[in-house]
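Q: how would this look folded up:
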Amino acid sequence: MRADLAAERAAADAVLDAALRDSTADETEAIVMAQDYALSRIMGNTIHENIIERNRTLSVRAVIGKRVGVATSNELDAAGIRTLVKRACEIARLSPADDEFPGLPTSGPATAEMEFAYDEATASTTAAERAAAVAKIVRVMVKHEIDAAGYVSTSAGSVAIANSKGIRQFFRSTDSAINIKAMSADSSGYAEGHARRFADLDANALATTAAQKAVAGRTPGAVDPGEYTVILEPPAVREFLGYLSWTGFGAMPFAEGASFMSGHIGERVMGPNVTIADDFAHPLGDGMPFDFEGVTRRPVTLVEQGIARDVVYDSYYAAKLKHANTGHALPAPNTYGPLPLNVVVSPGQKSAAQLVAETKRGLLVSRTWYIRLVDKLQTIITGMTRDGFFLIEDGRITRGLRNMRFNESIVGALGRCELAKDLVRSENHVVPACRIEGFHFSSGTTF
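A: Here you go, the predicted structure:
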């Protein structure tokens, strides 16, 4: 173990030990989260904000009988820890009892090693190196007489967890992102990149993609509302999968009968070409090998060739529903229950370019925004296109379009889709582009 890693873990362990030692609760859980986050924000082809944020927090969950209290602080000296633990215990004593609370989890299977999750060069990226990436973006924008907005960011952090029942976990990782919105007077284009290693992001290529979309989208036309063949690029697919994860793939809505999966395990819910899993260890992803209770994560197949297979669990819902704990707890307290944080969609056979080439008449959606849930059980959402919306004619992208509002069932759309073969990370999901037949647009816009 490298000296800096050993020192970081030792510092976290000292805080965890102090929290457990100071607690008078029946059971205690402590989480130390540390993050160094750096961001260079772009507007009008200029860095207008450059920040570095360093934070280290301790969260304590105290259990007294069936009562639970949680408190968080970033005052991690001895006095601060004692004050925080006392507060968590006081909150527990004043909280209503939850007769279904099973107690804190105990240690389980060994946690996977993920040394690839941390990159020293990314952790030590300087403001000058981020500015160099911005310079590449700006050069492309100036060439096309376009303004860029967005950001270049890098981060490094760790999570350390211990409880009074024997759990002890530590994990550190790095991450980076480039987000570009290329804007002209009447059009815009979008591109994004996410990677654990900053060196894996190509600022020039991303800028070129965004700029080309903005140029191609100038003087936008319009099409009538209705049903269309639509190709969603990965950022738009990720928006859909994010809502599906929240509404359907967690044990809480499943137990409440509010998930589209409720009562349908083992039944076909999507097209036979659709397989969706939660996989913390996917090489393109940003997952960690245990959850926020310190329980080892398990890869979970959620939908297999269109068949509903399972949802994800934490210790509470595993006990409640008599199911194995899959290691998907969020930090306590939360109102969502366990959620899949690293969704991966299995790829198809064709390239995204081939999906376009095979489309007689359709629409290309770069990304979506302002999404709202309309019907949770039927997974109906409404939202709008943004930053690159195009008409496809005879297998070619022919012109930009004014944005449109859609109303669509996510599950319904995944029942009549074809998936591309190239997987791309968008935020924390890994997804392909997707062609959907009969996608419903309800109205147009003036922009």
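
Q: longest strand of this protein?
A: strand 46-64 (DSSP state E).

Q: Any idea how far that strand is from the middle of the chain?
A: 18 Å (C-alpha atoms, centre = their mean, to the nearest Å).

Q: Run through the bridge partners of residue 60.
A: Residues found in beta-bridge contact with residue 60 (criterion: DSSP bridges) are residue 30, residue 71.

Q: isn't residue 102 right next to residue 317, touching?
A: No. Using C-beta atoms under 8 Å, residue 102 is not in contact with residue 317, being 9.6 Å away. Placement of C-beta: from N, CA and C, glycine included.

Q: so what sits against both of the two?
A: The contact sets of residue 102 and residue 317 do not overlap (C-beta atoms under 8 Å, 6 or more residues apart in numbering).

Q: Looking at these two, which has the bigger crowd around it?
A: residue 317 (25 against 14; other C-beta atoms under 10 Å).

Q: immediately after the stretch of helix or strand the more buried one belongs to, which helix or strand?
A: Using DSSP states H and E, residue 317 sits in helix 315-321. Moving toward the C-terminus from helix 315-321, the next helix or strand (DSSP H and E) is strand 343-345.

Q: ok, and what's touching the helix holding residue 317?
A: Outside helix 315-321, the residues that touch it by C-beta under 8 Å, 6+ apart are 100-102, 104-105, 251-252, 254-255, 293, 295, 313, 323-326, 329, 337-338.

Q: Can you turn the buried part of these into a ChimeraX selection?
A: Buried members of the contacts of helix 315-321, defined by 16 or more other C-beta atoms under 10 Å, are picked up in ChimeraX with:
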select :101,104,105,251,252,254,255,293,295,313,323,325,326,329,337,338
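
Q: If you average pLDDT per helix and strand, which one of the protein comes out bottom?
A: In the chain, no helix or strand scores lower on mean pLDDT, DSSP states H and E than helix 3-22, which sits at a mean of 93.

Q: Report the angle between it and strand 46-64.
A: Interaxial angle of helix 3-22 relative to strand 46-64 (axes from the mean of the first three to the mean of the last three C-alpha atoms, to 10 degrees): 40 degrees.

Q: What residues of helix 3-22 count as buried?
A: Buried, per 16+ other C-beta under 10 Å, within helix 3-22: 8-9, 11-12, 15-16, 18-20, 22.

Q: Kindly state the distance between the middle of that helix and the middle of its chain.
A: Centroid displacement of helix 3-22 relative to its chain, using C-alpha atoms, centre = their mean, is 28 Å.

Q: Tell me which other helices or strands that helix touches.
A: strand 27-43, strand 46-64, helix 78-94, strand 147-163, strand 168-183 (3 or more C-beta pairs under 8 Å, 6 or more residues apart in numbering; DSSP states H and E).

Q: how about the CA coordinates for the shortest one, as PDB?
A: Spelled out, it's strand 168-183. Presented in PDB, the C-alpha positions along strand 168-183 are these (Å, rounded to 0.1, in the frame of the first residue of the first chain):
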ATOM      1  CA  ARG A 168     -14.800  -1.600   8.200                       C
ATOM      2  CA  GLN A 169     -14.300  -0.400   4.600                       C
ATOM      3  CA  PHE A 170     -12.200   2.100   2.700                       C
ATOM      4  CA  PHE A 171     -12.200   3.200  -1.000                       C
ATOM      5  CA  ARG A 172     -10.700   6.000  -2.900                       C
ATOM      6  CA  SER A 173     -11.200   7.100  -6.500                       C
ATOM      7  CA  THR A 174     -10.700   9.900  -9.000                       C
ATOM      8  CA  ASP A 175     -13.000  11.200 -11.700                       C
ATOM      9  CA  SER A 176     -13.100  13.900 -14.400                       C
ATOM     10  CA  ALA A 177     -15.600  15.500 -16.800                       C
ATOM     11  CA  ILE A 178     -15.800  17.800 -19.700                       C
ATOM     12  CA  ASN A 179     -19.200  19.400 -20.500                       C
ATOM     13  CA  ILE A 180     -19.600  21.600 -23.600                       C
ATOM     14  CA  LYS A 181     -22.500  23.600 -24.900                       C
ATOM     15  CA  ALA A 182     -21.700  25.300 -28.200                       C
ATOM     16  CA  MET A 183     -24.000  28.200 -28.900                       C
END
